Each structure stands twice: as C-alpha cells, then as structure tokens.
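> I'll drop the sequence and a predicted model, then ask my questions.
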Amino acid sequence: MVSKDQGIGGLIFLVCIIIAIGYTLGLFWLGDPLGASAGSGWSLPFWLIAIPVYLAFILILGIGAWIGWTMATTPPPRPIEELEAEEKKEEETEGEKPKEK
C-alpha cells in the first residue's frame, strides 16, 4: 500500500517530467510562435536568452523530479507507538538477564 507521502512524491515526479517534456517540445518543436524572424527561424539574440533560461528551468524541474522520486520510493516511517513498545520490550529483556562480573 502506498502512503500519502509516497503518493504526493509520485505526483510531484510525474508533474515535473510532464512539464519538462512539454517545455522542451514547445521551445524546440513549435518553431517561431512569435514571428520574430520572418521565416528564418529563431534569431541569435533569442537563443542567447532562451538556452540559459531553458537549462535553468530544466535543472529546477530535475531537482523537483528527484525530490518527488525520493518521496515516492522511501518507505513511510514506523509509528512512534510501535517504536516505544519495541524499546520497552528491549529494556524488559535486558533486566531479566543476569549481570556479568
């Protein structure tokens, strides 16, 4: 069964991957939606801005995807009550053992 945190992590991962793919396709596949350079493709000043912005945006999405993946694949912590019961049981078993001299 998937915990709430794992579900949220999986959702974060998927959203980051989908946005990264959509942004990449929109930038490189759609062509020149603004019509900045009539028929000759993107102009050089555009690329001087677009490539660093693209790389920074993809890096941020990559970090978000990594956080989501980590959340999705990390098992949920054990409840505190279970840990306290286990600790109490260990203390009881240590009290029953004879002391060594």
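Thanks, I have the structure now.
> so residue 93 is in which element?
Using DSSP states H and E, residue 93 sits in helix 80-96.
> sorry, that was for residue 8
Judged by DSSP H and E, residue 8 forms part of helix 4-28.
> Give me the below-cutoff pLDDT ranges for the chain.
1, 31-44, 95-101 (pLDDT under 70).
> quick one, longest helix in it?
helix 44-73 (DSSP state H).
> Hmm, residue 50 is touching residue 27, no?
Yes. Applying Cβ atoms under 8 Å as the test, residue 50 and residue 27 come out as touching, 6.7 Å apart. Every residue, glycine included, has its C-beta placed from N, CA and C.
> could I get stretch 72-82 in PDB with only the CA atoms?
Output in PDB follows, covering the C-alpha atoms of stretch 72-82 (Å, rounded to 0.1, in the frame of the first residue of the first chain):
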ATOM      1  CA  ALA A  72       7.800   8.100  -3.800                       C
ATOM      2  CA  THR A  73      10.400   5.400  -3.100                       C
ATOM      3  CA  THR A  74      11.100   6.000   0.600                       C
ATOM      4  CA  PRO A  75       9.100   3.800   2.900                       C
ATOM      5  CA  PRO A  76       7.000   5.600   5.500                       C
ATOM      6  CA  PRO A  77       8.400   5.700   9.000                       C
ATOM      7  CA  ARG A  78       7.100   3.400  11.700                       C
ATOM      8  CA  PRO A  79       4.600   4.900  14.100                       C
ATOM      9  CA  ILE A  80       6.100   6.200  17.400                       C
ATOM     10  CA  GLU A  81       3.900   3.900  19.400                       C
ATOM     11  CA  GLU A  82       5.500   0.900  17.700                       C
END
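> buried set for that stretch?
residue 72 (16 or more other Cβ atoms under 10 Å).
> before we move on, the earlier item: from the middle of its chain, how far away would the longest helix of the chain be?
Remark: helix 44-73 is offset 12 Å from the chain centroid, using Cα atoms, centre = their mean, to the nearest Å.
> With stretch 10-27 instead?
With Cα atoms, centre = their mean, you get 12 Å for stretch 10-27.
> contacting residues around it?
2, 50, 54, 57-58, 61-62, 64-65, 67-69, 71-72 (Cβ atoms under 8 Å, 6 or more residues apart in numbering).
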